[in-house]
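Engineer: take this sequence and fold it.
(one chain, ligands or ions: 1)
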Amino acid sequence: MSSSAAEMSSLYELQGYLTGVDVLEPSELREAREAFAGLEEKFGTQYTQYSLHNIHLQHSWVMDLVKHGKLLEVVRSVLGPNVLLLDSRFICKYPMEHKQSDVILDEHNNESGLQNGQDKEDNLPYVAWHQDMRYWGIDGGPVLSVWLALDNSLEDNGALRVIPGSHCSGLLPHRQSERPGNMLSVNQEIPEELVEAERAVLCPLLAGQMSIHDGLLVHASDPNMSDRRRCGFVIRYVSTSAYPIQDPDRPRSFPATLLVSGEDQYNHFSR
Ligand SMILES: O=C(O)CCC(=O)C(=O)O
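Structural biologist: Down below sits the predicted model:
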């Protein structure tokens, strides 16, 4: 491992995340954004905000992203040479003006109207404090999540927030969130009394950059209050030594795994 890879890996181990890593060249970014715009045109933005799941298997431009050389170099510095993609998803928060009047989507893309006395902002999509591992039955190694920015992701359009070092606290209890607008698929959140929100750090990214975080790191993101889209591509990776476990509390399945680096001597995820 080179000295810069070793430094990255020890910083990641200490704080549970790295941010501001340059990945895409301007031409690669342009191509990805154009291709994404094609999906928005085809499916509409209600769909593209959260339902483009595991489409690396369908689109070569997405496959190029999940196998991107610079991205994988960083991932390998943490997970080692043999790396498997677990899952991928685009997460897009559209600007407020973009929303149809008073129609908000819940986490299953169903429409829900405003209740009396609720502000429009109260219902905007956000991501509650959570740990990725809460619903993923994986053992035998850590899960690493990449958040690759297709747009600038800043404070006003709802960039990712993380609690440094929180990956060392083990798995925390989660419950159903009562606040509408949580984009997470099972509406999970960590109770606020267990989140040291005052220690939260924002991870602003320029389009084409990425952050990475550990599956146990506590993180969240606020609604998009700007007039700009905030689109990110989230990719989860594990070392090939990791394996799925049967845990009724963590029922997530992995139908779209892919070896992206090295070799898989274990075939733990073979379908
Ligand atoms: O895109 C977001 O705001 C949240 C992403 C997230 O929760 C994740 O990458 O694990």
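
Engineer: make it CA atoms for all contacts and neighbour counts henceforth
Structural biologist: Noted.

Engineer: send me the top helix by length along the chain as PDB with only the CA atoms.
Structural biologist: The longest helix of the chain (DSSP state H) is helix 26-43. Extracted in PDB, the C-alpha atoms of helix 26-43 (Å, rounded to 0.1, in the frame of the first residue of the first chain):
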ATOM      1  CA  PRO A  26     -15.100  16.800 -16.200                       C
ATOM      2  CA  SER A  27     -16.000  14.700 -19.300                       C
ATOM      3  CA  GLU A  28     -17.000  11.700 -17.200                       C
ATOM      4  CA  LEU A  29     -19.100  13.900 -15.000                       C
ATOM      5  CA  ARG A  30     -20.800  15.500 -18.000                       C
ATOM      6  CA  GLU A  31     -21.600  12.100 -19.500                       C
ATOM      7  CA  ALA A  32     -23.000  10.800 -16.200                       C
ATOM      8  CA  ARG A  33     -25.200  13.900 -15.800                       C
ATOM      9  CA  GLU A  34     -26.400  13.700 -19.400                       C
ATOM     10  CA  ALA A  35     -27.300  10.000 -19.000                       C
ATOM     11  CA  PHE A  36     -29.000  10.700 -15.700                       C
ATOM     12  CA  ALA A  37     -31.100  13.500 -17.300                       C
ATOM     13  CA  GLY A  38     -32.200  10.900 -19.900                       C
ATOM     14  CA  LEU A  39     -33.500   8.700 -17.000                       C
ATOM     15  CA  GLU A  40     -35.300  11.700 -15.500                       C
ATOM     16  CA  GLU A  41     -37.000  12.400 -18.800                       C
ATOM     17  CA  LYS A  42     -37.900   8.700 -19.200                       C
ATOM     18  CA  PHE A  43     -39.200   8.000 -15.700                       C
END
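
Engineer: average pLDDT across that helix?
Structural biologist: The average pLDDT within helix 26-43 is 98.

Engineer: do stretch 126-142 as well
Structural biologist: pLDDT averaged over stretch 126-142 gives 93.

Engineer: identify each buried residue in that stretch, please.
Structural biologist: For stretch 126-142, burial by neighbour count (16 or more other CA atoms under 10 Å) applies to 126-138, 142.

Engineer: switch the residues you listed over to a markdown table; also include distance to the ligand.
Structural biologist: Putting the buried residues of stretch 126-142 into a markdown table (distance: CA to the nearest ligand atom, whole Å) gives the following:
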| residue | distance to the ligand |
| --- | --- |
| Y126 | 7 |
| V127 | 5 |
| A128 | 8 |
| W129 | 8 |
| H130 | 7 |
| Q131 | 7 |
| D132 | 6 |
| M133 | 9 |
| R134 | 11 |
| Y135 | 12 |
| W136 | 12 |
| G137 | 15 |
| I138 | 15 |
| P142 | 14 |
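
Engineer: which ones among those are found in strands?
Structural biologist: Residues of the buried residues of stretch 126-142 located in strands (DSSP state E): V127, A128, W129, H130, I138.

Engineer: I'd like the next helix or strand past the longest helix of the chain.
Structural biologist: helix 45-48 (DSSP states H and E).

Engineer: quick one: distance of that following helix to the chain centre.
Structural biologist: Relative to the centre of its chain, helix 45-48 is centred 17 Å away, using CA atoms, centre = their mean, to the nearest Å.
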